[in-house]
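>>> here's my sequence, what's the structure:
(one chain, ligands or ions: 1)
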Amino acid sequence: MARPAILTVDDDPMVSAAITRDLADRYGADYSVVRATSGAEALVLLTRLALRDQPVALIAADQRMPQMTGIELLEQARTHAPGAKLLLLTAYADTDVAIRAINDIGLDYYLLKPWDPPSERLYPVTDDLLSDWRQANPDHTSDVRVVGHRWSDRGHDIKLFLARNHVPYRWYDVERDAEAQRLLGLAQASPADLPLVLVPDGDALASPTTLQLAGALGLHTSAQQPLYDVCIVGGGPAGLAAAVYAASEGLSTVIVEREAPGGQAGQSAAIENYLGFPKGLSGADLTHRALAQATRFGAEMVLARDVVGLELRGPVRAVLLDGSGEIEARALVVATGVAYRRLAAAGLDELTGRGVYYGVNASEAGQCQGDEVYIVGAANSAGQAALSLARYAERVVLVVRAATLADTMSRYLVERITATPNISLRYRTEVVAGRGDGHLEALTLADRESGVTEEVASSWLFVFIGASPRTEWLGADVVRDDKGFVVTGQDLAAPAFARRWPLTRAPFALETSVPGVFAAGDVRLDSMKRVASAVGEGAMSIYLVHRYLATI
Ligand SMILES: Cc1cc2nc3c(=O)[nH]c(=O)nc-3n(C[C@H](O)[C@H](O)[C@H](O)COP(=O)(O)OP(=O)(O)OC[C@H]3O[C@@H](n4cnc5c(N)ncnc54)[C@H](O)[C@@H]3O)c2cc1C
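The predicted model follows:
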């Protein structure tokens, strides 16, 4: 395939030459940088590139051009180059127009002219935009290939693991894709070996465990050092923020994650309230950035391992890993967040992973093309899922127990949902049963007022009904409330937890009833349950770890 293109558009010959030169200097080896001096010329060029099947990664257009403004051009460019990142070059006076364009045309960024020096004012922006584009348009020659049944729960787990760990893969349905049979033949595998995973330059893996798959992909599944300054359990926003601050401040740091970095936030299609990202950013993007940052500072990642126990060995805090293995550290940050609650409806447990899903990931979303999809839930997570699935599904039905969404979902989401024609709402309704032979085929809905039930045909149910912490592994010494949330700091002084704190000094703000064990993010009692607060607490926990380490 031809190298992807970067297109610059500016009617001023000097500016046009400067932006083209700066972009070609940095990206010329991997992209072909082409230029146009008017909107009309740019559209002709884009048509030519589309005919040649040459992808366009970035369009950088000046706002003030005669005949067609930059925004007008970028809006039209969407049809020629649907995935391209859109960058507007503006003067200060056009800032308001540019900010409006973020909503109106999906502008990705605006850059004030002049951008000297490019290393500080241009490349950080274009590096980010192109890295995002690469993520969304991977080079398929190095993909992992997975062959399996559409409704296999193990196949679903493998796809989920790959997607959430940002490993590009191609999926072949053994019943629908001819290529699936060819790959089975090549690997000398039989249907009993499904799901089959083919890793580039590796052996074919027959129905691998997550740990085997992680190993084959070269991910670290055990710790490299005998003792760390700090061990962080959980790689969601709180854990990743803790890792960035700990490693950047010189602490030897390890972070253990059982599923995939990103946590709940990694499943969010669009986080719109995180400071500094006016256009919003996807959970996958946030995770990708945070991981790169933590790794850059030297934090070690141990993936696909579940922490199942805590042992206190004098000043050392040891976490026990599932199967075998342990990690010792001088301080521990518990950032294990919360996990989706299960929907108690007859027949659903057996169909989990076979049409019934908790949360949603990109691979399922894509497979819903043209189908009718049911979602249970009334909070922002359900709303985001409805909007994201509505891009693929024929119709999305949001099943809500209450009579309104106003009390549980942000207004901007409610407005978007009601304005999306293929989303319908069923208020005062519950899913009470599901059935299917091998995969979900029908759901029973009940009207909460009349009790009248109705069976609807559907192969897809996505559930978002709140979440609870899974903190049993912390044992008896770490105080939790009756729901399992970890009690920290001043809250330990409440009468219910009296005498559980063992030292004469007061506990630090995020410290648990075990000195040197801290909790950050959603797992903590009374936490705010937002990305920004989880990140804030993760960062703050490291400040407190320093203070704790100074006491021992
Ligand atoms: C779909 C969705 C959309 C959302 N959208 C927004 C939004 O737009 N804005 C916003 O502010 N908030 C949003 N939230 C909420 C936000 O994502 C959470 O508040 C935030 O992720 C909490 O971060 P955390 O690090 O505390 O926990 P989590 O994100 O829950 O991460 C915890 C991590 O710990 C791992 N873990 C758990 N137990 C163990 C163990 N024993 N061993 C090893 N690893 C373990 C888990 O696998 C997980 O990766 C959304 C949540 C969801 C589900």
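>>> show me what residue 111 is bridged to.
Beta-bridge pairing of residue 111 under DSSP bridges involves residue 89.
>>> for it, grab the count of nearby residues.
Residue 111: 17 surrounding residues under other CB atoms under 10 Å. Backbone N, C-alpha and C define where each C-beta goes, glycine included.
>>> now it: how far from residue 19?
According to CB to CB, to the nearest Å, residue 111 and residue 19 sit 9 Å apart.
>>> what touches both of those two?
Listed as contacting both residue 111 and residue 19 by CB atoms under 8 Å, 6 or more residues apart in numbering are 60, 89.
>>> measure residue 489 to the ligand for me?
16 Å (CB to the nearest ligand atom, to the nearest Å).
>>> please enumerate the helices of the stretch 1-150 of the chain.
Counting by DSSP state H, counting those that start in this stretch, the stretch 1-150 of the chain has helices at residues 13-27, 39-51, 70-80, 95-104, 118-121, 123-136.
>>> buried deepest among those helices, which one?
Most buried of these by mean neighbour count (mean count of other CB atoms under 10 Å) is helix 70-80; its value is a mean of 20.
>>> what does the protein have sitting close to the ligand?
Neighbours of the ligand within the chain, by CB under 6 Å from any ligand atom: 233-239, 256-259, 263-265, 267-268, 271-273, 306-307, 335-338, 380-381, 384, 470, 473, 521-523, 529-532, 534.
>>> quick one: which of the residues you listed sit in helices?
Using DSSP state H, 237-239, 380-381, 384, 531-532, 534 are the members of these that sit in helices.
>>> give me the buried entries from those residues.
By neighbour count, with 16 or more other CB atoms under 10 Å, those hold 237-239, 380-381, 384, 531, 534 as buried.
>>> which residue ranges form the helices in the stretch 251-400 of the chain?
283-296, 362-367, 380-389.
>>> spatially central residue in the chain, please.
Against the mean C-alpha coordinate of the chain, by CA atoms, centre = their mean, the closest residue is residue 266 at 2.1 Å.
>>> residue contacts, it?
Applying CB under 8 Å, 6+ apart, we find residue 266 in contact with 164, 236, 260, 283-284, 286-287.
>>> I'd like to know how many residues surround residue 316.
14.
>>> hmm, back to that, of the contacts of residue 266, which is the nearest to residue 411?
residue 283 (21.3 Å; CB to CB).
>>> just to check, that closest one is in contact with residue 261?
No. Using CB atoms under 8 Å, residue 283 makes no contact with residue 261, being 10.4 Å away.
>>> and the contacts of stretch 438-458?
With contacts defined as CB under 8 Å, 6+ apart, stretch 438-458 is touched by 150-151, 345, 351, 354-356, 371-374, 397, 399, 401, 426, 428-436, 459-461.
>>> which members of those occur in strands, if any?
Judged by DSSP state E, the subset of those located in strands is 356, 372-374, 397, 399, 426, 429-435, 460-461.
>>> and the residues you listed, which of them are buried?
Buried residues within those, counting neighbours by 16+ other CB under 10 Å: 356, 372-374, 397, 399, 426, 429-432, 434, 460-461.
>>> got CSV for the residues you listed, with distance to residue 483 too?
Conversion of these to CSV gives the following (distance: CB to CB, whole Å):
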residue, distance to residue 483
356, 24
372, 35
373, 30
374, 27
397, 30
399, 25
426, 29
429, 26
430, 22
431, 23
432, 25
434, 27
460, 30
461, 25
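>>> would you map the strands across the stretch 201-350 of the chain?
204-206, 227-233, 253-257, 300-303, 307-313, 316-321, 326-334, 339-340 (DSSP state E, counting those that start in this stretch).
>>> residues contacting residue 487?
Residue 487 sits next to 479-481, 494, 497, 512-513, 525 when contact means CB under 8 Å, 6+ apart.
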